[in-house]
Every structure is written in C-alpha cells, then in structure tokens.
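>>> Model the following, please.
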Amino acid sequence: MLVMNEAKKQSGMRPARMKIRSAVLMMHGADYWSSELEDISATGVLVRRPDDFTGKAGDLFVLDMMIGDELNIHLEATVARVTEESVGFAYARIPAEKEVPLWDLLGGYADSLESYRR
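Modelled structure (predicted):
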C-alpha cells in the first residue's frame with residue numbers, strides 16, 4: 001500500500017473530492033468542536049478549522065457528519081493535516097452500516113481520481 005500511495009503522490013493524483021456544505025461534530029477525548037464540511041472523498045474529509053481547534057496530525061477523532069435531514073455518518077478519522085483555514089481527516093474506521101450510505105453519497109466520486117497541483 002505504501003508503494004501505491006507513493007505512486008499517487010508522484011503522479012499528482014488523489015481520490016476525487018466532492019464539494020459539500022454540511023455540519024460536522026469532531027470529538028477527541030473530552031474535547032469537541034462543531035464545524036462545516038468543505039469536501040468529502042473516498043478516503044477522507046476536509047473540514048473548516050474552528051478557531052480554538054487544538055488537534056494535530058496523527059490525532060484520532062470521532063466525526064459525526066449530518067448530511068441533509070436524513071443522513072448521519074458517524075466514523076473514526078485521523079488528522080492528516082491542519083492549516084489556518086482547514087483540517088484534513090483520513091478515515092480510520094467506517095462502521096459497516098455506514099459504508100453503503102457513504103458510497104451512495106459519493107456516487108461517481110467514490111471510484112474516481114483527480115489530478116492536483118502540489
């Protein structure tokens with residue numbers, strides 16, 4: 001898997017990201033923050049960074065994403081990166097009962113790659 005990830009980095013490809021605006025609750029131990037999703041992909045999510053956010057790369061969080069009125073996706077994710085504006089999370093564990101709803105939400109984005117500039 002490391003070799004595949006390195007090849008993606010060298011080729012400038014990543015899982016396609018779907019723009020989305022929705023609420024998310026981020027929980028780490030006794031700490032929690034509410035924010036807004038910016039985009040979602042088959043491997044993770046990008047979230048608007050709350051002002052008082054204290055998480056750092058490698059921290060494990062529970063994310064509770066409320067998408068529309070009927071879809072609630074609850075999963076575990078690791079902080080991949082933190083900037084002044086956003087927090088990138090990589091999925092660590094998706095409960096079996098949330099896999100199909102997540103893939104249905106992603107639609108064609110679930111199996112797509114996109115190029116990006118470094």
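
>>> Could you use CA atoms for every contact and neighbour count after this?
Will do.

>>> Retrieve the pLDDT associated with the closest residue to Ser41 other than its chain neighbours.
Leaving aside its chain neighbours, Ser41 sits nearest to Arg17 (4.7 Å; criterion: C-alpha to C-alpha, 6 or more residues apart in numbering). Each residue has a pLDDT score; the one for Arg17 is 77.

>>> what about Arg17, how many residues close to it?
21 (other C-alpha atoms under 10 Å).

>>> How much space separates it from Ser112?
9 Å (C-alpha to C-alpha, to the nearest Å).

>>> what do you get for Gly88?
Taken as C-alpha to C-alpha, the span from Gly88 to Ser112 is 19 Å.

>>> Please say which of the two ends up with more neighbours.
Gly88 (21 against 15).

>>> Dihedrals phi and psi, Met27?
phi -120, psi 130 (degrees, to the nearest 10).

>>> Show me the residue sitting in the middle of the protein in space.
Closest residue to the average C-alpha location of the chain: Val45 at 1.7 Å, with C-alpha atoms, centre = their mean.
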